[in-house]
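Colleague: I'll drop the sequence and a predicted model, then ask my questions.
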Amino acid sequence: MRDTLFHIRKNEVNSLQAQIRETLVSAILDRQLGHEEPLPSTRKMAKILGVSRNTVVLAYQSLIDDGYLVSRERSGYYVNGTIADAARPGVVDLPKPDVSSSEHSGPDWKSRFRVQPAEQENISKPLDWQSYPYPFIYGQVDHTLFPITEWRECSRQALGKRWLGAWTNDTWEYDDPLLVEQIRRRLLPRRGIRVSDDQILITLGAQNALYILASLLVTRDTRVAIEDPGYTDVRNIFQLRTNHIKPVPVDEHGMPADGPLEDCDVAFVTPSHQFPTTVTMPLERRMALLEKARAHDLLIIEDDYEFETNYVNEPCPALKSLDDEERVLYIGSLSKTLFPGLRLGFLVGPPELIREARALRRLMVRHAPNNNQRTAALFLSLGHHDSLIRRLHRAYRARWDIMGEALQTHFPDAARVPGFGGTSFWVQGPPGLDSDVLANRAAENGILIEPGRIHFANPTDPCRHFRLGFSSIAENKIEPGIKLLAEIAQSQAKAA
């Protein structure tokens, strides 16, 4: 028996029992352990791995229950070779075609693509952002603030026998009714929105909702107004459907309600917390925008992407709540308060639109994962989400204050203080600053920032804007990080 085959890492996130199981399953399926090969006794395996014997017993028993091992009285534990044979059927060696003399070199893929989204420019963020000392990265969460115990308990309940059918069944185009109810009763009323269940669709995040709406409402001739600067991904989504994109420069109150909108069919706006400048559209501008939509038969897509992060002022009602003609289609997401990896959002609109959006979503993904939907629904219904919001508000308000003071000290008058709150600052550097160059040099010094050029439809060169997120950085790292960033910016200016 090759004892050195087995090893585990005791500092891993997975339990010791799970690691033992994973090690043995991999060895069996990869045929490192042969047919009917004996395993060490539980006592010997415990000694090899440096764990308790009970841990090994439980791991062995779970493998017996699933058919990977067989137990023979007074003999020991053996590999069940039949399961490896079933999982790894024999591979037939086929003769390789001789292409040396063939003129055929495969399809010309580029000529076959109707659209090429890979050619579009997108926001780029390193996957290992947590390894940077100063991650002023936007859209991520601080894991120390997330109530993992409560989420785990909701997940345990959701995956229990009581709701077995709710998450194991294919529900075709239908959503979890408990999650729909929680969104309708708990989340939307906070934004002044009151709708029925047939006006809500669960999506795989806000991005999925935006793509569905673009597919339903935008054709080659559709004229779409977007904010400038604005959300890069929505600009890219619309550009896959139409060439008639009209960037509308935002001012201190967000998207203006006049000018280019008169010639458009659809407008995309982020009124509560403009993306990325953070300005909030006042009530008068909102009413003017709705009047413009009525007068010119305009549809409005409202992305309320940070609707739960207003901890500074009294919340302004969502544009959707002021709409009497069902011209506003509302998009919300749970990413900013729960975690972006959950990929759960929702679309609110008239029943006619939701019916078509549901049918289209069925063709794309059928429905969002039922286990995630039920877990999120329980998290909301048991009050854990409200508790999390209060915790986030306290943490974000403290970071908002610290970052505002640090920016005023080291980048005086360069940033507008977000009156809404949110999780980021939009900074305008001094004339001549190239935020792309600054971002590269900052990253070399352990600082992550987001250059602003990509948010503009027609950016100036160089672009001196950049965004600083504070949702995932510790309080004590903010001021030192801003100070170091200012020093790098000053060094860049001198070099220029």
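Modeller: Nice, I can see it.
Colleague: which residue is nearest the middle of the chain?
Modeller: By CA atoms, centre = their mean, the chain has its centre lying nearest to residue 340, at 3.2 Å.
Colleague: now that residue, nearest residue through space, not along the chain?
Modeller: residue 139 (6.0 Å; CB to CB, 6 or more residues apart in numbering). The C-beta positions use only the backbone N, C-alpha and C, and glycine is treated the same way.
Colleague: my guess is the one you found contacts residue 339, does it?
Modeller: No. Residue 139 lies out of contact with residue 339 (CB atoms under 8 Å); the separation is 10.5 Å.
Colleague: what number of residues lie near the closest residue to residue 404 other than its chain neighbours?
Modeller: With CB to CB, 6+ apart as the measure, residue 417 is the residue that lies nearest to residue 404, at 5.2 Å, once sequence neighbours are left out. Residues lying near residue 417 (other CB atoms under 10 Å) number 13.
Colleague: and stretch 50-60, average pLDDT?
Modeller: Across stretch 50-60, pLDDT averages out at 94.
Colleague: Name the surrounding residues that touch that stretch.
Modeller: With CB atoms under 8 Å, 6 or more residues apart in numbering as the contact definition, stretch 50-60 has outside contacts at 8, 10, 16-17, 20-21, 24, 39, 42-43, 45-46, 49, 69, 71, 77.
Colleague: Among those, name the buried ones.
Modeller: By neighbour count, with 16 or more other CB atoms under 10 Å, the contacts of stretch 50-60 hold 8, 16-17, 20-21, 24, 39, 42, 45-46, 49, 69, 77 as buried.
Colleague: So which of those residues belong to helices?
Modeller: 16, 17, 20, 21, 24, 42, 45, 46, 49 (DSSP state H).
Colleague: Now render the residues you listed as a markdown table, adding distance to residue 285.
Modeller: Shown next, in a markdown table, are these (distance: CB to CB, whole Å):
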| residue | distance to residue 285 |
| --- | --- |
| 16 | 59 |
| 17 | 58 |
| 20 | 61 |
| 21 | 59 |
| 24 | 63 |
| 42 | 71 |
| 45 | 69 |
| 46 | 69 |
| 49 | 65 |
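Colleague: distance of the residue nearest to residue 404 from residue 307?
Modeller: Distance, residue 417 to residue 307, by CB to CB, to the nearest Å: 20 Å.
Colleague: just to revisit the earlier point, let me know the closest of the buried ones among the contacts of stretch 50-60 to residue 451.
Modeller: Nearest to residue 451 among these, counting by CB to CB, is residue 8 at 42.7 Å.
Colleague: and the closest residue to that closest one other than its chain neighbours, what pLDDT?
Modeller: Nearest non-adjacent residue to residue 8, counting by CB to CB, 6+ apart: residue 19, 4.2 Å away. Looking at residue 19, its pLDDT stands at 91.
Colleague: Residue 19: neighbour count?
Modeller: Neighbours of residue 19 under the rule other CB under 10 Å: 20.
Colleague: Quick one: list the elements packing against the one helix or strand residue 406 maps to.
Modeller: Assigned by DSSP states H and E, residue 406 falls within helix 384-410. With contacts defined as 3 or more CB pairs under 8 Å, 6 or more residues apart in numbering; DSSP states H and E, helix 384-410 has these neighbours: helix 148-158, strand 424-428, helix 475-495.
Colleague: do that again at 7 Å, thanks
Modeller: In this structure, helix 384-410 makes packing contacts with strand 424-428, helix 475-495, judged by 3 or more CB pairs under 7 Å, 6 or more residues apart in numbering; DSSP states H and E.
Colleague: winner for burial among these?
Modeller: Each of the helices and strands packed on helix 384-410 was scored by mean neighbour count; the highest is strand 424-428, a mean of 23, by mean count of other CB atoms under 10 Å.
Colleague: Just the angle for that one relative to helix 475-495, thanks.
Modeller: 20 degrees (axes from the mean of the first three to the mean of the last three CA atoms, to 10 degrees).
Colleague: contacts for strand 424-428?
Modeller: 138, 276-278, 403, 407, 411, 414-416, 418, 464-470 (CB atoms under 7 Å, 6 or more residues apart in numbering).
Colleague: which residues in the stretch 151-300 of the chain form helices?
Modeller: Along the stretch 151-300 of the chain, counting by DSSP state H, counting those that start in this stretch, helices occupy 164-168, 177-182, 205-217, 232-239, 283-295.
Colleague: For those, please prepare a markdown table with the additional fields mean neighbour count and mean pLDDT.
Modeller: Formatted as a markdown table, these follow (neighbours: other CB atoms under 10 Å; pLDDT from 0 to 100):
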| stretch | mean neighbour count | mean pLDDT |
| --- | --- | --- |
| helix 164-168 | 13 | 86 |
| helix 177-182 | 19 | 97 |
| helix 205-217 | 21 | 97 |
| helix 232-239 | 20 | 97 |
| helix 283-295 | 17 | 96 |
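Colleague: Out of the ones you listed, which is closest to residue 349?
Modeller: Residue 349 sits nearest to helix 205-217 of all those, at 8.5 Å, using CB to CB.
Colleague: my read: the residue nearest to residue 404 touches residue 405, true?
Modeller: No. In this structure residue 417 lies outside contact range of residue 405 using CB atoms under 7 Å: 10.0 Å.
Colleague: so who does residue 224 touch?
Modeller: For residue 224, the contacting residues are 218, 238, 242, 244, 245, 246, 264, 266, 268, by CB under 7 Å, 6+ apart.
Colleague: can you rerun that using 10 Å?
Modeller: When contacts are counted by CB atoms under 10 Å, 6 or more residues apart in numbering, residue 224 is found next to 214, 217-218, 234-235, 237-239, 241-242, 244-247, 264-268, 299, 301.
Colleague: and it, what are its bridge partners?
Modeller: Going by DSSP bridges, residue 224 is paired in beta bridges with residue 245, residue 266.
Colleague: Relative to residue 231, how far out is residue 273?
Modeller: Remark: distance between residue 273 and residue 231 (CB to CB) = 12 Å.
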